[in-house]
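Q: quick one: sequence and predicted model below, then my questions.
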Amino acid sequence: MSKKIHQITGNTFVADAGEGKVFLLSNHIGGGLDSVFLDIEGRSWEHSWQSAGTHKIVPYGPDNLLPSNLRNVISKNNLVPGILERQMGLLYGQGAHLCRTDYTNGQITQQWMEDKQIQEWLDSWDYISYLKGCITDYLHLKGFFDAKHLTRGHRIGQPRKIALLEHIPAKNARLEWADSRKLEDVKHIIVGDYEHQCLSGIRSYPVFDPRDPGKYAVSASYNRTYSFSRDMYSVPQYWGALRWIIRGSEIPLIFKYVTDNGLNLAYHVHSPSSYWDYRRDILHKQYPEWTDAQVEAEIAEITMKLLESLTQVLTGKENAGKFIHTIDVPDDLGHMTEWKIEPIDQKIKDFVESQLKISEASVSAITSGMGLHPSLSNIMVNGKLASGSEMLYAFKLYLNSDVEIASQTILQSINQAIAFNFPGKNLKLAFYHQSVRTEESLSSSDRIKNQ
């Protein structure tokens, strides 16, 4: 493989054209999103089962590695991890505390209370770490897995109680296949190291039965907020922004390559997405046993060879007068799908400005897709940070519209355990959020003193 061809991201390649010039080519599917995030042939990936040992499971993504793939994409972006951390802090507030819901004068209120018996049980198994794990998975995937363990005393006739709850990382848990393709008909949750083909073994947990919490010594549950038209697994709120997340992550790497090598772009190669779709279809037909990852690896090799041939044609004095031949093919609508090779005016300023505009567009698309107001994300809009009043109103809107559904889902399992272990107390955990007021509404003694 020629050292002149460099793969700087999963689907973006740069070719050293010599004489201080380079050109870029991207072979993204559908204009910017890796195949692992697309539905297979327009259908949900949940349409057929996969094997995990002797078990049939509902695949989590086309290659059954959606949580891991999302982790890899998000970790490369400069915005998304911070926004998710901020969402976690806003949702968690001042922590989870016991309360009772009251109805007074037509108003719903929460009476925050202390109960030593329940609190001792919570502290006995580090419920805070459990909740933080559940919140993290929920914000990334709109769902999470957990397991409930009964006390050992039930084996010798003592009353059945839930001893502790365990967060199960989403990358290690899958739903057992149900022929009805209904979540309520799933009987088991299959746990294993799916990133490494479950070589360390597989555990099967019966699904927790809320009507009979003490039915199994250990049971597991998948807790989610329903995603439209998804039978089993939910997808995160930022699902539609994944293309922008990937694109936004590429720009710093492109800048790094250009600045580190002191190179200018000489050509912009436009390749139609239908060409790459065609090559992928051919590979799937020739090698039906190949996984999507193997197909993408071969596509990368094809891209490298293509760029090598283009480099030989487009560079060097000895290549003057040479040409490249391509075939333009009409699509189903009669539109031509064609390759274009455009020389770029050697003005690095124009290139940088165009990339920065793409970066600004990606910031706007990512923050919108994440569902958090820019003022709460510490994102600068038009070069300005939000004012205090904007942040205050955004925070109030967030508390009134975005907290309750997520809180109920995240705390559902632990509140089921509290109700089972401590019947009649009518207490539950909720996230406490201290009200925030403007400085003007505070008395002079309560205001933050200037040092």
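A: Received the coordinates, thanks.
Q: spell out the secondary structure type for residue 61.
A: Of the three states, residue 61 takes coil according to DSSP: H, G, I helix; E, B strand; the rest coil.
Q: give me the number of residues near it?
A: 21 (other CB atoms under 10 Å). Where C-beta positions appear, they are placed from N, C-alpha and C, glycine not excepted.
Q: what about it, distance to residue 415?
A: Relative to residue 415, residue 61 is positioned 30 Å away (CB to CB, to the nearest Å).
Q: next one: residue 229
A: For residue 229, the distance to residue 415 - CB to CB - is 29 Å.
Q: so which of these two has more stuff around it?
A: Set side by side, residue 229 and residue 415 show more neighbours around residue 415, with 16 against 6, by other CB under 10 Å.
Q: and the more buried one, what element?
A: When secondary structure is defined by DSSP states H and E, residue 415 falls within helix 404-421.
Q: which residues of the stretch 251-400 of the chain fall in helices?
A: 273-286, 292-314, 348-370, 374-377, 388-401 (DSSP state H, counting those that start in this stretch).
Q: out of the ones you listed, which is closest to residue 187?
A: Nearest to residue 187 among the helices of the stretch 251-400 of the chain is helix 292-314 (28.7 Å), distances taken as CB to CB.
Q: gap between that closest one and the chain center?
A: Here helix 292-314 shows a centroid-to-chain-centroid distance of 28 Å under the convention CA atoms, centre = their mean, to the nearest Å.
Q: now residue 102. Its backbone dihedrals?
A: Main-chain torsions, residue 102, degrees, to the nearest 10: phi -120, psi 160.
Q: my guess is it contacts residue 112. True?
A: No. Using CB atoms under 8 Å as the test, residue 102 is too far from residue 112 to be in contact (11.0 Å).
Q: returning to that earlier point: after the helix holding residue 415, heading C-terminal, what element do we hit next?
A: Counting by DSSP H and E, the element after helix 404-421 in chain order, helix or strand, is strand 428-431.
Q: show me the contact partners of that following strand.
A: 91-101, 110, 403, 407, 411, 414-415, 418-419 (CB atoms under 8 Å, 6 or more residues apart in numbering).
Q: any of those buried? List them.
A: Those of the contacts of strand 428-431 that meet the buried threshold are 91-93, 96, 98-99, 403, 407, 411, 414-415, 418-419, by 16 or more other CB atoms under 10 Å.
Q: so which of those sits lowest on pLDDT?
A: Looking at these by pLDDT, the weakest one is residue 403, with 86.
Q: skip the chain neighbours and tell me the closest residue to that residue.
A: The spatially closest residue to residue 403, leaving aside those adjacent along the chain, is residue 91, at 6.2 Å (CB to CB, 6 or more residues apart in numbering).
Q: now do the contacts for that neighbour.
A: Contact analysis of residue 91 by CB under 8 Å, 6+ apart lists 135, 139, 403, 406, 407, 410, 431.
Q: between those, which is nearest residue 76?
A: The closest of the contacts of residue 91, once distances to residue 76 are taken by CB to CB, is residue 139, at 17.8 Å.
Q: just the pLDDT for that closest one.
A: 95.
Q: domain parsing for the chain?
A: What automatic domain parsing lists as the domains of the chain is 5-36+238-385, 45-236+399-431.
Q: least reliable of the ones you listed by average pLDDT, please.
A: Lowest mean pLDDT of the domains of the chain: domain 5-36+238-385, a mean of 68.
Q: picking up where we left off before, tabulate the domains of the chain (a markdown table), appending distance to residue 393.
A: A markdown table is the format used below for the domains of the chain (distance: least, CB to CB, whole Å):
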| stretch | distance to residue 393 |
| --- | --- |
| domain 5-36+238-385 | 9 |
| domain 45-236+399-431 | 11 |
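Q: burial measure for residue 188, as a count.
A: Using other CB under 10 Å, residue 188 has 19 neighbouring residues.
Q: contacting residues around it?
A: Applying CB under 8 Å, 6+ apart, we find residue 188 in contact with 55, 176, 204, 205, 206, 207.
Q: quick one, phi/psi of it?
A: Backbone torsions for residue 188, taken as degrees, to the nearest 10, come to phi -140, psi 160.
Q: not counting its neighbours along the chain, what's nearest it?
A: Counting by CB to CB, 6+ apart, the nearest residue to residue 188 once its immediate chain neighbours are dropped is residue 176, at 4.1 Å.
Q: wait, the one you found sits on residue 54?
A: No. Contact criterion CB under 8 Å: residue 176 and residue 54 do not qualify, at 11.3 Å.
Q: ok, the two, which is more surrounded?
A: Neighbour count, other CB under 10 Å: between residue 176 and residue 54, residue 176 has more, with 20 against 8.
Q: got phi/psi on the more buried one?
A: phi -70, psi 150.
Q: tell me what it is bridged to.
A: residue 57 (DSSP bridges).
Q: show me what the strand or helix carrying residue 166 is packed against.
A: Using DSSP H and E, residue 166 sits in strand 162-168. Strand 162-168 sits against helix 127-141, strand 143-150, helix 404-421, with contacts defined as 3 or more CB pairs under 8 Å, 6 or more residues apart in numbering; DSSP states H and E.
Q: name the surrounding residues that touch it.
A: If you take CB under 8 Å, 6+ apart as the criterion, strand 162-168 is touched by 124-125, 127, 129-130, 133-134, 137, 144-152, 189, 191, 213-214, 220, 413-414, 417, 420-421.
Q: all strands for the stretch 1-150 of the chain, in order.
A: With DSSP state E, counting those that start in this stretch, the ranges of strands along the stretch 1-150 of the chain come out as 5-9, 12-18, 21-26, 50-52, 55-57, 96-104, 107-112, 143-150.
Q: which one of the helices and strands packed on strand 162-168 is the most hemmed in?
A: The highest average neighbour count among these, using mean count of other CB atoms under 10 Å, belongs to strand 143-150 at a mean of 22.
Q: hang on, the earlier thing: just flag the most distant two among the contacts of residue 91.
A: Longest span within the contacts of residue 91, CB to CB: 139 and 431, 13.4 Å.
Q: let's see stretch 105-118 as CSV, backbone CA atoms only.
A: The C-alpha trace of stretch 105-118 is given here as CSV (Å, rounded to 0.1, in the frame of the first residue of the first chain):
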residue,chain,number,x,y,z
ASN,A,105,-55.4,22.3,47.3
GLY,A,106,-55.3,20.8,43.8
GLN,A,107,-51.5,20.9,43.7
ILE,A,108,-49.1,18.0,43.4
THR,A,109,-46.3,18.4,46.0
GLN,A,110,-43.5,16.2,47.2
GLN,A,111,-42.8,15.9,50.9
TRP,A,112,-39.1,15.1,51.3
MET,A,113,-38.6,12.8,54.3
GLU,A,114,-35.9,10.8,56.1
ASP,A,115,-36.4,7.1,56.8
LYS,A,116,-33.4,5.4,58.6
GLN,A,117,-34.5,1.9,57.8
ILE,A,118,-34.7,2.5,54.1
